[in-house]
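A.B. asks: Return a 3D structure for these sequence lines:
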Amino acid sequence: MLECVPNLAAGRDPAVLSVLADVCGATLLDLHTDVDHHRSVFTLAGPGPADAAGVMTEFARGAAVRVSIAGHQGAHPRLGVFDVVPFVALDEPAAHAEAAAQAFGRWLAATFDVPVFFYGDADPDTRTLPAVRADAFTRRSPDVGPGAPHPRLGASAVGARPPLVAVNCWLDRDDVTLARTLASSVRARDGGLPGVRALGLPLASRGRVQVSMNVTDLAATGVETACTAVRAGAEAAGARVERVEWGGLIPEAEVARCSPSFRAWSGLDRSLTIEARLAEPRR
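C.D. replies: Below is the predicted model of the structure:
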């Protein structure tokens, strides 16, 4: 079974998101939307011919005529409408996710003239998503597609990776400098926690900021370790984490290894797991 988690640069038009959710049908396990990020994360998975890989082409067709990157403004960085499209092998060889990512990326470039950068296990050099963002169109040319962004659709990073957890820790204040300091303190590339990527982002509509994290190596750093590090740093600065927001679904094994006190504090329970959503009746 393949999972696909397309990150779409659109989060402010519920009607468009509803249409795209309907396109996904029974493969849609979760939809997380943020108006400040101007971004939506669809979690797709399912067995058989209507699996995540099969649905992605129809999803892309639906989004391409309804969403544009022109004039896009949001707190989260983005390459284009189909900003990030990762494929994850849930219970099959990782090579299947790599093949699905390569096939979708080549189809996207050929169908819509969108430049595509492969990353993770779909890239022969296993370059990371942060490396794509840093190097796209400067030190690195697209792997497929034209050499410049599409005027409406921009560019896309398409990859294959193991499961990760996206989690946002909201602070009780509007202090983006503090959020960025905390993000740097936990971010692996700055000497923080292994496998943690983090950004400090403003949430203008809420008058708050957040430390937005991707915990990419769960064996090295669990979500409890990452979030409690942010909480400790915030408290040391006289602030407080007032909300923990889960950006998509979480492997059940990761929930199981979190302490009861952390699960209660963060609102983490089994209903947020991939396994629980797969077990629900499909529409």
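A.B. asks: which parts of the longest helix anywhere in the chain are buried?
C.D. replies: Ranked by number of residues, the top helix in the chain under DSSP state H is helix 94-112. For helix 94-112, burial by neighbour count (16 or more other CB atoms under 10 Å) applies to 96-109, 112. Bear in mind the C-beta positions are built from the backbone N, C-alpha and C, glycine included.
A.B. asks: Now do the helix or strand following that helix: which elements does it pack against?
C.D. replies: Following helix 94-112 in sequence order, the next helix or strand is strand 116-120 (DSSP states H and E). Using 3 or more CB pairs under 8 Å, 6 or more residues apart in numbering; DSSP states H and E, the elements in contact with strand 116-120 are helix 94-112, helix 129-135, strand 156-160.
A.B. asks: Looking at these, spot the one closest to R277.
C.D. replies: R277 lies closest to helix 94-112 among these, at 18.6 Å (CB to CB).
A.B. asks: Now do that closest one against strand 156-160, angle only.
C.D. replies: Here helix 94-112 runs at an angle of 160 degrees relative to strand 156-160 (axes from the mean of the first three to the mean of the last three CA atoms, to 10 degrees).
A.B. asks: neighbours around F42, how many?
C.D. replies: 28 (other CB atoms under 10 Å).
A.B. asks: ok, which stretches of the stretch 51-200 of the chain are strands?
C.D. replies: For the stretch 51-200 of the chain, the strands defined by DSSP state E, counting those that start in this stretch cover 82-89, 116-120, 156-160, 165-171, 196-203.
A.B. asks: And the ones you listed: which comes nearest L272?
C.D. replies: strand 165-171 (9.8 Å).
A.B. asks: now the helices and strands packed on strand 116-120 as CSV including distance to T225 and mean pLDDT?
C.D. replies: Output for these, formatted as CSV (distance: least, CB to CB, whole Å; pLDDT from 0 to 100):
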stretch, distance to T225, mean pLDDT
helix 94-112, 25, 96
helix 129-135, 20, 96
strand 156-160, 25, 98
